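K.L.:
From the sequence below, what's the structure:
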Amino acid sequence: MTDLIVKAAVKEQLADQNVLSDFYDALDSEVANLLADAARRAEANNRKTVQSRDL
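P.N.:
Numbers count the residues shown, from 1 in each chain. As a prediction, the model looks like this:
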């Protein structure tokens, strides 16, 4: 699986929190699912371009 998230950006966003390493894998999986769903919605609407409304 490709890393879709940037760990440093997540750490920066959650600066006041500790982040376990398995969180990054789970977050990466959630992002992958979100992207796949958005792509399916775009395709269902006969578009090749994924738009913000597909989220």
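K.L.:
Please report how far E30 lies from D54.
P.N.:
16 Å (Cβ to Cβ, to the nearest Å). C-beta coordinates here come from the backbone N, C-alpha and C atoms, glycine included.
K.L.:
Surely I5 is in contact with V31?
P.N.:
Yes: between I5 and V31 there is a contact under Cβ atoms under 8 Å: 6.0 Å.
K.L.:
Can you tell me the SS state at L4?
P.N.:
coil (DSSP: H, G, I helix; E, B strand; the rest coil).
K.L.:
Double-check it against L35; I have them as touching.
P.N.:
Yes: taking Cβ under 8 Å as the definition, L4 is a contact partner of L35 at 7.4 Å.
K.L.:
what about Y24, which helix or strand?
P.N.:
For Y24, the host element (DSSP states H and E) is helix 21-44.
K.L.:
Who are the packing partners of that helix?
P.N.:
helix 7-13 (3 or more Cβ pairs under 8 Å, 6 or more residues apart in numbering; DSSP states H and E).
K.L.:
which secondary structure elements does the helix it packs on contact?
P.N.:
Helix 7-13 packs on helix 21-44, going by 3+ Cβ pairs under 8 Å, 6+ apart.
K.L.:
Tell me, how many residues neighbour the spatially closest residue to K7 that is not a sequence neighbour?
P.N.:
Distance criterion Cβ to Cβ, 6 or more residues apart in numbering; nearest residue to K7, sequence neighbours excluded, is Y24 at 5.7 Å. Residues contacting Y24 under the criterion other Cβ atoms under 10 Å number 16.
K.L.:
ok, now which ones touch Y24?
P.N.:
I5, K7, V10 (Cβ atoms under 8 Å, 6 or more residues apart in numbering).
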